[in-house]
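Asks: Following is a predicted model, sequence given first.
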Amino acid sequence: MIKGNFIDNLPRVYGIYTGGFLAFIIIMAIAEQMGMTAKAIGICFVAFTVAIYAIIGYLSRTAQADAYYVAGRQVPTVFNGMATAADWMSGASFVAMAGGIYFKGYGYMALLVGWTGGYVLVASLLAPYLRKFGCYTVPDFIGTRYGGNLSRFLAVVVLTVASFTYVTAQINATGTIASVALDIPFQYAVYVGLVSILLCSMLGGMRGVTWTQVAQYIVLIIAYLLPVFWISNKMGAGFFPHFMLADEVARIADLESQFGLGTVTNSAADLATVPKGLAGITKAHSAVNATPWAFISLALAMMMGTASLPHVMMRYFTTPSVKAARKSVGWSLFFIFLLYSSAPMLATLSKLSLIDPNLATGIIGKSISEVQAIDWYQNWNQANLMFVSDFNGNGTLELNEFFMGGKAVVLATPEIAGLPYVISGLVAAGGMAAAMSTADGLILAIANALSHDLYYKIIDPKAETAKRLVVARVLLVVIGFAGATIAAMEIQGILGSVIWAFDFAMSGLFFPLVLGVWWKRANREGAIAGMALGLASGMGYLIWVRNGGSGFLGITQLTFGIFGSAVSLVSMVVVSLITSEPDAATQKMVDEVRVPSGKSILGKQH
Amino acid sequence: MSKQAQHWEKTRGLLIVTLAIWFVFSIGIFLFGAEMESVGGPFGYPLTYWFTCQGSLGIFVILIFWFANRQEKIDEEFGFSEKGDD
């Protein structure tokens, strides 16, 4: 399958794949009509898609360093865009984002702006220049631009801290979905998820991950958009929800005031009876409910974090040219936009289905016993994602008496809206694809940095290609297992750890990367200070706030990267200026990075 | 001024324009979130809501493609564009 003309055949290969997947959905729908159980459908969806990814991973096996590290630098623009979108959109984007919007409204939607706006920084400040550089990994750029093992090592440290924080959340998400779909305990499901992840990346490295990520994007986008369009049409809200939900958004605002949102509150004793992790609707759906700084600081942290996360940046090392790298960022964001612009629509449809008394699915205003008798309520109550309780004792369900887990917005809405179970199976496969693709990108980013930058460049520069790739694969497995072990302990929620990863990355890497291209005067001492002090101060701030510190300037534990990166910038500029300027060779290197034509700084094999 | 310095000056100019537009739609308008709320936006959504769930996001997509095309033109003008096609 992967032969010389594979690249030319890509549209056909993935066209057939998409058609095959749609046919599979139809077959499952027919099987459901013929009496296949919900559980069997769930297992089929997850097993079938994971098997396909594993086959792609096997077919992409390679023994060459540049294929393993950067997919041979021949991934076409649009396909790299799809792969980046899958790499980028994690279990958090797929499963948790619509839920966050559902519960927190405007204040949460700063993440939508942040996680898309960051790509403007990627395209204009970094991606094309790092592509011209010709590096295999992000620390490769830092180590060569600034020189010296210490700068390279610090970049590896920042990369590992940020990516590892992120990857445990993704393995956790694959475990959650595998445990629900396959009906096995979470502690084992985590390792099922891990094995699936490693199957994609072990043999083919970046090449394997690239082609599975494209396949995963196709699954996840179908799984996200199909229910949104279906529910909107079924509800009569409009055939193209994105342009037609204004009435529904206004209707929710009316219902909110009618039901006394914000005026009727629950006592602490009542709330204590609600299962952990579930929340009620306490924030307005579309109204502005956050201060400008709360919104902007979160968006800004996510944007700068986007531009510093190595697993995203390294996707642009795989394009054939600098020009293609720039365009590819645009395509990435386009494919991300398709899902992100749908999340608020899903949240709107989900909320309206549940709270509008005029709809058959609405439960607010019904009697408690009636709600408790509904099939889907019982299912999701058992899964610990839904809860009702008659706090005021009037026998009727009020808005403040209904509680739901954030994941339920994506996972349960199809069932609530009365869609066939096949859609729920599809959504499980989509969530699995989203979490797996991101986990693959992250584990590969860490393993590549450790094998290429730490092992090959610092410890054993004479190692042969075969040995380097063995080390890379061993590290991949070790990091995967370490991540799975920590994920199995369930320390931090999925979304919290994802946001921390952005803050860690921007604290340590944003300014050393950007100034490496845009400020010739930046030197090794400055970069070392920027990385070390940036990461240390960001981490210090997080620990301080977590332990009851009050924080300052409204910087919270979700936006500590703003403090970390400010320290990083100041220390990098000050230290660079008080030490001597970079030598002539380095300055010439920066000049060459700034023009697209000519040879890359690092050779094809390095 | 050398060809390379001129090329970089234009590139930097494009960067400033791009980042200015980026700043307006990622940060600037959200300083006035509460003020824009009562204004009707496209498709009948409240304006602030529309920007957060479609407007800004879509503008970023267009902005990146626009930036990429402008940068290619600058590279071609100074003969720094790559040979061959992607």
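Replies: Sure, I can see it. Residues are numbered from 1 along each chain as shown, chains lettered A, B, ... in the order given.

Asks: any idea what residue 80 is structurally, helix, strand or coil?
Replies: This is for chain A. What DSSP: H, G, I helix; E, B strand; the rest coil gives for residue A:80 is helix.

Asks: looking at chain B here, not the other one
Replies: Residue B:80 is classified as coil under three-state DSSP.

Asks: tell me, what residue is most central in the chain?
Replies: Answering for chain A, as no chain was given. Among the residues of chain A, residue A:90 comes closest to the average C-alpha position under Cα atoms, centre = their mean, at 2.8 Å.

Asks: let's do chain B instead
Replies: Central residue of chain B (Cα atoms, centre = their mean): residue B:63, at 3.5 Å.

Asks: Check the gap between it and chain A for me.
Replies: Using Cβ to the nearest Cβ, to the nearest Å, residue B:63 is found at 6 Å from chain A. Using the backbone N, CA and C atoms, a C-beta is placed for each residue, glycine as well.

Asks: If you rank every helix and strand of chain B by mean pLDDT, what lands last?
Replies: Ranked by mean pLDDT, DSSP states H and E, the helix or strand of chain B with the weakest confidence is helix B:33-36, at a mean of 82.

Asks: check whether stretch A:326-344 contacts chain B.
Replies: Yes: using Cβ under 8 Å from any Cβ of the partner chain, we find that stretch A:326-344 touches chain B at A:326, A:327, A:329, A:330, A:333, A:334, A:337, A:340, A:341, A:343, A:344.

Asks: picking that back up, list phi and psi for the residue nearest to the centre of chain A.
Replies: Main-chain dihedrals, residue A:90, degrees, to the nearest 10: phi -100, psi -180.

Asks: Any stretches of chain B with poor pLDDT?
Replies: Scanning chain B for pLDDT under 70 picks out B:1, B:83-86.

Asks: Quick one: residues in contact with the longest helix along it.
Replies: In chain B, with assignment by DSSP state H, the single longest helix is helix B:3-26. Residues outside helix B:3-26 that contact it (Cβ atoms under 8 Å, 6 or more residues apart in numbering or on different chains) are A:113-114, A:117, A:120-121, A:124-125, A:299-300, A:303, A:591, A:594-595, B:1, B:51, B:55-56, B:59-60, B:63, B:67, B:70-71, B:74-75, B:77-80.

Asks: Dump the C-alpha coordinates for that helix into CSV.
Replies: Extracted in CSV, the C-alpha atoms of helix B:3-26 (Å, rounded to 0.1, in the frame of the first residue of the first chain):
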residue,chain,number,x,y,z
LYS,B,3,18.2,42.0,-1.0
GLN,B,4,17.9,39.8,2.1
ALA,B,5,17.5,42.8,4.4
GLN,B,6,14.7,44.2,2.2
HIS,B,7,13.0,40.8,2.1
TRP,B,8,13.1,40.6,5.9
GLU,B,9,11.8,44.1,6.3
LYS,B,10,8.8,43.3,4.2
THR,B,11,8.3,40.0,6.0
ARG,B,12,8.4,41.8,9.3
GLY,B,13,5.9,44.3,8.0
LEU,B,14,3.5,41.5,7.1
LEU,B,15,4.0,39.9,10.5
ILE,B,16,3.0,43.2,12.2
VAL,B,17,-0.2,43.5,10.1
THR,B,18,-1.1,39.9,10.6
LEU,B,19,-0.6,40.1,14.4
ALA,B,20,-2.5,43.3,14.5
ILE,B,21,-5.5,41.7,12.9
TRP,B,22,-5.0,38.6,15.2
PHE,B,23,-4.9,40.9,18.2
VAL,B,24,-8.2,42.7,17.3
PHE,B,25,-10.2,39.5,16.9
SER,B,26,-8.6,37.4,19.7
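
Asks: can you pull the buried residues of it?
Replies: Within helix B:3-26, the residues scored as buried using 16 or more other Cβ atoms under 10 Å in any protein chain shown are B:7, B:8, B:10, B:11, B:14, B:18, B:19, B:21, B:22, B:25, B:26.

Asks: ditto for stretch B:68-77
Replies: So, applying 16+ other Cβ under 10 Å, buried residues of stretch B:68-77: B:68, B:70, B:71, B:72, B:74, B:75.

Asks: The third one looks like it's in a helix, true?
Replies: Yes: assessed by three-state DSSP, residue B:71 belongs to a helix.

Asks: give me the low-pLDDT residue ranges for the stretch 351-500 of chain A?
Replies: In the stretch 351-500 of chain A (pLDDT under 70), the answer is A:490-495.

Asks: those helices in it, which residues are they?
Replies: Using DSSP state H, counting those that start in this stretch, the helices of the stretch 351-500 of chain A run over A:368-372, A:375-382, A:408-416, A:421-448, A:465-489, A:494-518.

Asks: Next secondary structure element downstream of the last one?
Replies: Beyond helix A:494-518 on the C-terminal side, the first helix or strand identified by DSSP states H and E is helix A:524-546.

Asks: quick check: mean pLDDT across that next one?
Replies: In this model, helix A:524-546 carries a mean pLDDT of 92.

Asks: in it, what counts as buried?
Replies: By 16+ other Cβ under 10 Å, the buried positions in helix A:524-546 come out as A:524-535, A:537-542, A:545.

Asks: Check which element follows that helix along the chain.
Replies: Moving toward the C-terminus from helix A:524-546, the next element (DSSP H and E) is helix A:560-578.

Asks: what packs against that following helix?
Replies: Helix A:560-578 is packed against helix A:292-306, helix A:494-518, helix A:524-546, with contacts defined by 3 or more Cβ pairs under 8 Å, 6 or more residues apart in numbering or on different chains; DSSP states H and E.

Asks: Tabulate these (CSV), appending distance to chain B.
Replies: Output for those, formatted as CSV (distance: least, Cβ to the nearest Cβ, whole Å):
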stretch, distance to chain B
helix A:292-306, 5
helix A:494-518, 8
helix A:524-546, 20
